[in-house]
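Participant: quick one, what's the 3D model for this:
(4 chains)
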There are 2 protein chains.
Amino acid sequence: MMDLVTDELRSDILVGRFEPGDRLLEMPLAEQYECGRAAVRSALVALTSEGLVDRAANRGATVRRISVAEAIQITEARSALEGLIAAEAARHATAADHKELRSIIAKMRDSVGTEGAKEYSRLNGLLHRRLCEMSKHEIAAELVANLRNRAAHHQYRLAIMPGRAEESLEQHAAIVTAVVAGDPTGAAKAMHTHLHSVIDVLTRWGDA
Amino acid sequence: MMDLVTDELRSDILVGRFEPGDRLLEMPLAEQYECGRAAVRSALVALTSEGLVDRAANRGATVRRISVAEAIQITEARSALEGLIAAEAARHATAADHKELRSIIAKMRDSVGTEGAKEYSRLNGLLHRRLCEMSKHEIAAELVANLRNRAAHHQYRLAIMPGRAEESLEQHAAIVTAVVAGDPTGAAKAMHTHLHSVIDVLTRWGDA
DNA sequence: GTCAACAGGATCGTTGACAATCTGAACACT
DNA sequence: AGTGTTCAGATTGTCAACGATCCTGTTGAC
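Facilitator: Numbers count the residues shown, from 1 in each chain, chains lettered A, B, ... in the order given. Model (predicted):
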């Protein structure tokens, strides 16, 4: 029960059921998840370590608000780590993995014009997540997953930017091409250019 | 009191007061730190999120044991992140920072032949930590600090290897030279070669 | 009208006791 | 001897209540 509450609360924060700045009162959460205050406290401690929750002594917890400046730093760190992941994925990916990656890119290409940004965003997340798994680099994968969670809100705002999908599609395709070619340094470089283009958008966002 | 216990327990694990595999029973720890079981539980949850403690449901917590393979992955992730940090440090370091870095290198050079590996290891840690602070990159610095903690045990075994200090001294000097020169890509590269030499040692260690 | 002191409410932090679960050993059975 | 079973001990998970702390709105003096 204890770990379940942690997962549910994290999930509820990530999907926006709780927004940045919202207070996370122990008693109401205990009722909502049908558990005791102890389980909620445990979850809040864990999510604080993960950087998703702010906690002040005797003043309670809130959903952590990530500034644009922080989102940029998070993306910079992701760039460093996902470069490593892309390189390792290029080394370890199997033929079946190659097929799956190409299939994801194809679906992304389909969803660009037709459907809303939601499907493209889902495929985007799926691609990055599968690359993490293929890299067999558990440490880097865990850190990247955490960073992605922290900036989830900004990622979403970025995904619905007009024209953004077209731009990022080619970058994603370049990453997959390098991984399929078994080119570690090429894959890392492609990942860097992709995430640095994200940083560019965030920077312009911060100035405005 | 609650957060204090977390810090004390983490510190006790890092300095080896508890060794990998040791059980962390709630009741004895509560007596040792003169607090209630709740505070200990809270600390165990937090340290589990940090990767320092293993917890199995209803079976208690132990100090996490890091294999050589994991230590290698940790160092690879550090290489990616500290490359970023070295580059940012090269951008942001002030004249006073340059002076301090050169002073640390000088002290390292002194301690190589004369004193035991303990002083060199201390300066090594200090150098990396100061670079993290100078980079002004809080996100990367936090992640690196965590990774360093996770592999603390292996770092220590590595530090007392004969001849290791001489080899790593020149690598550290190269990093500082690039940072002082305000050369971000050079600093990142120097950091990469340094940490990849650490990975080499760990790899030979793993084979043996 | 402004500011400090104060009381009330809300919320967290801590404690102690109880329930649930796991571990290991003793024991019966084949 | 080997295997399955039962039971006691140890340890964690959960709960309810109490005390401590902080925020808010009000009161009163100046």
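
Participant: for the rest of this, base every contact and every neighbour count on C-alpha atoms.
Facilitator: Will do.

Participant: residues of the helix or strand bottoming out on mean pLDDT in chain A that come out buried?
Facilitator: Lowest on mean pLDDT, DSSP states H and E among the helices and strands of chain A sits helix A:152-159, with a mean of 91. Neighbour counts using 16 or more other Cα atoms under 10 Å in any protein chain shown place A:152, A:153, A:154, A:155, A:158, A:159 of helix A:152-159 among the buried residues.

Participant: could you dump those residues into TSV and include distance to DNA strand D?
Facilitator: What follows is those, written out as TSV (distance: Cα to the nearest atom of the strand, whole Å):
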residue	distance to DNA strand D
A:152	28
A:153	26
A:154	28
A:155	31
A:158	33
A:159	35
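
Participant: returning to that earlier point: residues in contact with the next helix or strand after the least confident helix or strand of chain A: which ones?
Facilitator: Once the chain leaves helix A:152-159, the next helix or strand it forms, by DSSP states H and E, is helix A:164-180. By Cα atoms under 8 Å, 6 or more residues apart in numbering or on different chains, the list of residues contacting helix A:164-180 from outside reads A:86-87, A:89-91, A:93, A:98, A:101-102, A:105, A:108-109, A:112, A:117, A:120, A:158-159, A:184, A:186-188, A:190-191, A:193-194.

Participant: give me the subset of the residues you listed touching chain B.
Facilitator: Checked against chain B using Cα under 8 Å from any Cα of the partner chain, the contacts of helix A:164-180 give no members in range.

Participant: got a list of contacts for the least confident helix or strand of chain A?
Facilitator: Counting by Cα under 8 Å, 6+ apart, residues outside helix A:152-159 touching it are A:14, A:16, A:68, A:71, A:117, A:118, A:121, A:164, A:165.

Participant: Three-state assignment for the residue of chain A positioned farthest from its centre, please.
Facilitator: In terms of distance from the mean C-alpha position of chain A, residue A:58 ranks first, at 31.1 Å (Cα atoms, centre = their mean). Taken by DSSP: H, G, I helix; E, B strand; the rest coil, the conformation at residue A:58 corresponds to coil.

Participant: now stretch A:157-164: how far from the chain's centre is it?
Facilitator: Stretch A:157-164 has its C-alpha centroid displaced from the chain centroid by 15 Å (Cα atoms, centre = their mean, to the nearest Å).

Participant: distance of residue A:116 relative to chain B?
Facilitator: Taken as Cα to the nearest Cα, to the nearest Å, the spacing of residue A:116 relative to chain B amounts to 32 Å.

Participant: count the residues that sit near that residue.
Facilitator: Other residues within reach of residue A:116, judged by other Cα atoms under 10 Å in any protein chain shown, total 11.

Participant: quick one: pLDDT of it?
Facilitator: Taken from the predicted model, the pLDDT recorded for residue A:116 is 71.

Participant: cool, and residue A:108?
Facilitator: 95.

Participant: surely it meets residue A:120?
Facilitator: Yes: under the criterion of Cα atoms under 8 Å, residue A:108 lies in contact with residue A:120, with a separation of 5.8 Å.

Participant: mind listing what residue A:78 touches?
Facilitator: A:144, A:147, A:148, A:195.

Participant: and of those residues, the nearest to chain B?
Facilitator: Sorting these by how near they are to chain B, with Cα to the nearest Cα, puts residue A:147 at the top with 9.2 Å.

Participant: ok, residue A:59 to residue A:75 distance?
Facilitator: 30 Å (Cα to Cα, to the nearest Å).

Participant: ok, those two, which is more surrounded?
Facilitator: Neighbour tally, residue A:59 and residue A:75, criterion other Cα under 10 Å: the higher count belongs to residue A:75, 24 against 9.

Participant: just want the most central residue of chain A.
Facilitator: Centroid-nearest residue in chain A, with Cα atoms, centre = their mean: residue A:148, separated by 2.6 Å.

Participant: quick one: pLDDT of it?
Facilitator: Per-residue pLDDT puts residue A:148 at 98.

Participant: helix, strand or coil for it?
Facilitator: Of the three states, residue A:148 takes helix according to three-state DSSP.

Participant: residues contacting it?
Facilitator: For residue A:148, the set of contacting residues under the criterion of Cα under 8 Å, 6+ apart consists of residue A:78.

Participant: swap in residue A:123?
Facilitator: Taking Cα under 8 Å, 6+ apart as the definition of contact, the neighbours of residue A:123 are A:104, A:107, A:108.

Participant: residues near residue A:141, how many?
Facilitator: When neighbours are counted by other Cα under 10 Å, residue A:141 registers 24.

Participant: how about the nearest residue to the residue of chain A found nearest DNA strand D, chain neighbours excluded?
Facilitator: The nearest approach of chain A to DNA strand D comes at residue A:36, 3.2 Å away (Cα to the nearest atom of the strand). Take residue A:36 and drop its neighbours on the chain: the residue closest to it by Cα to Cα, 6 or more residues apart in numbering or on different chains is residue A:30, 5.4 Å away.

Participant: what parts of chain A come near DNA strand C?
Facilitator: With the criterion set to Cα under 7 Å from any atom of the strand, chain A comes near DNA strand C through A:24, A:25, A:26, A:27, A:41, A:56, A:57, A:58, A:59, A:60, A:61.

Participant: of all those residues, which comes closest to residue B:8?
Facilitator: Checking the residues of chain A next to DNA strand C against residue B:8 by Cα to Cα gives residue A:57 as the nearest, at 17.8 Å.

Participant: phi first, then psi, for the closest one.
Facilitator: As for residue A:57, its main-chain torsions (degrees, to the nearest 10) stand at phi -60, psi 130.

Participant: okay, now the domains of chain A?
Facilitator: A:2-63, A:68-207 (automatic domain parsing).

Participant: how long is the first one end to end?
Facilitator: It refers to domain A:2-63. Terminal residues of domain A:2-63 lie 20 Å apart, using Cα to Cα.

Participant: circling back to that earlier point, filter the residues of chain A next to DNA strand C down to the buried ones, ChimeraX style.
Facilitator: Once 16+ other Cα under 10 Å is used to decide burial, the buried members of the residues of chain A next to DNA strand C can be selected in ChimeraX as follows:
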select /A:24,25,26,41,61
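
Participant: same list, the residues of chain A next to DNA strand C, but only the ones touching DNA strand D.
Facilitator: When those are checked against DNA strand D using Cα under 7 Å from any atom of the strand, the ones in range are A:57, A:58, A:59.

Participant: would you list the phi and psi of the last one?
Facilitator: Spelled out, it's residue A:59. With angles defined as degrees, to the nearest 10, residue A:59 sits at phi -120, psi 0.
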